[in-house]
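Q: model the following, please.
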Amino acid sequence: MAIQAIIFDMDGVLADSEPLWDDIDAAFLQNFNIEYHGEHKLHVMGKSFPLSSQFYKEHYKLDLSITELVHLRVEAAKEYYAKHIELFPHVPEVLKKLRERHLQIGLATSTVRDCALPLLERHDIKKYFHKITTGDEVERGKPYPDIYLRAVSKLHVEPANALVVEDSPTGIEAGQCAGMRVAAIPDRRIDGIDELVNNADYLLDGIEDLPELVQSL
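A: Next comes the predicted model:
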């Protein structure tokens, strides 16, 4: 079936944020006098704030509620998204090119709106998205399909006619469970990532390869 919509994950696909998440979670866990150096990256990569907070709560036996932990993690993340996280190369021109092809362009990020919007606005790419869906809009985060189903419904496109662009195993599972095809762009700075994303429908070396893939579908 022809592709009518492309729905992007943000972290690790558009925004080069994954390396900084080690620093964000270190700042978050410092609230509990816990030293953190990214050793649980793969356990939280691509997951919603509540699911990530649930992991840390259980692993470190934290006493606070999930709501309180999410609040602390969001506060730790805000400044990084507003000031420090950069885009991957070629992101603006790829988004512009796809938009010019009259495709519906959506964003479905596990990151909460208070973090996502400042980043999109700072890099002047918010204008390319017809609809934006953030992690605080759904009760169940990735790997559940809810965020992708919500995103595609906003675009008024059937899931079978949408392509998801992801970087994490969690996101790939979410997109496929929503009935969409998924193109993965693995961050090869992460050891073993190719094996973790090899169930994606398509594997790309970088976002600059996406327009050619879309043209072929």
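
Q: got the CA positions of the helix or strand bottoming out on mean pLDDT in the chain in PDB?
A: Least confident helix or strand of the chain, by mean pLDDT, DSSP states H and E, is helix 193-196 with a mean of 74. C-alpha atoms of helix 193-196 as PDB (Å, rounded to 0.1, in the frame of the first residue of the first chain):
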ATOM      1  CA  ILE A 193      22.100  -2.100  18.500                       C
ATOM      2  CA  ASP A 194      21.800  -3.700  15.100                       C
ATOM      3  CA  GLU A 195      20.800  -7.000  16.600                       C
ATOM      4  CA  LEU A 196      18.200  -5.200  18.700                       C
END
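
Q: which parts of it are buried?
A: By neighbour count on 16 or more other Cβ atoms under 10 Å, the buried set for helix 193-196 is Ile193, Leu196. C-beta coordinates here come from the backbone N, C-alpha and C atoms, glycine included.

Q: list the contacts of that helix.
A: Contact partners of helix 193-196, identified using Cβ atoms under 8 Å, 6 or more residues apart in numbering, comprise Leu42, Ser168, Pro169, Pro186, Asp187, Arg188, Leu203.

Q: just checking, which helix or strand succeeds it along the chain?
A: strand 202-203 (DSSP states H and E).

Q: so what strands line up beside that following strand?
A: strand 181-184 (parallel) (DSSP bridges).

Q: that older thread, may I ask which of the contacts of helix 193-196 has the most neighbours?
A: The most crowded member of those, judged by other Cβ atoms under 10 Å, is Ser168 (28 neighbours).

Q: show the contacting residues for that one.
A: Counted by Cβ under 8 Å, 6+ apart, Ser168 has contacts Asp9, Gly12, Met45, Gly46, Lys142, Leu196, Val197.

Q: would you list the buried entries among the residues you listed?
A: Neighbour-count burial (16+ other Cβ under 10 Å) is assigned, among these, to Asp9, Gly12, Met45, Gly46, Lys142, Leu196, Val197.

Q: so the second one versus Lys61, what's the distance?
A: Spelled out, that is Gly12. To Lys61, Gly12 is 29 Å away according to Cβ to Cβ, to the nearest Å.

Q: ok, the nearest residue in space to Thr109 that is not next to it in sequence - contacts?
A: Using Cβ to Cβ, 6 or more residues apart in numbering and skipping residues adjacent in sequence, the residue nearest Thr109 is Met10, 3.8 Å away. By Cβ under 8 Å, 6+ apart, the residues touching Met10 are Ser17, Leu107, Thr109, Thr111, Ala116, Leu119, Leu120.

Q: was I right to think the fourth one contacts Ile132?
A: No: with contacts counted by Cβ atoms under 8 Å, Thr111 stays clear of Ile132, the gap being 10.7 Å.

Q: the two: who's more crowded?
A: Ranked by neighbour count (other Cβ under 10 Å), Thr111 and Ile132 place Thr111 first, with 23 against 20.

Q: how much space is there between the more buried one and Val74?
A: For Thr111, the distance to Val74 - Cβ to Cβ - is 9 Å.
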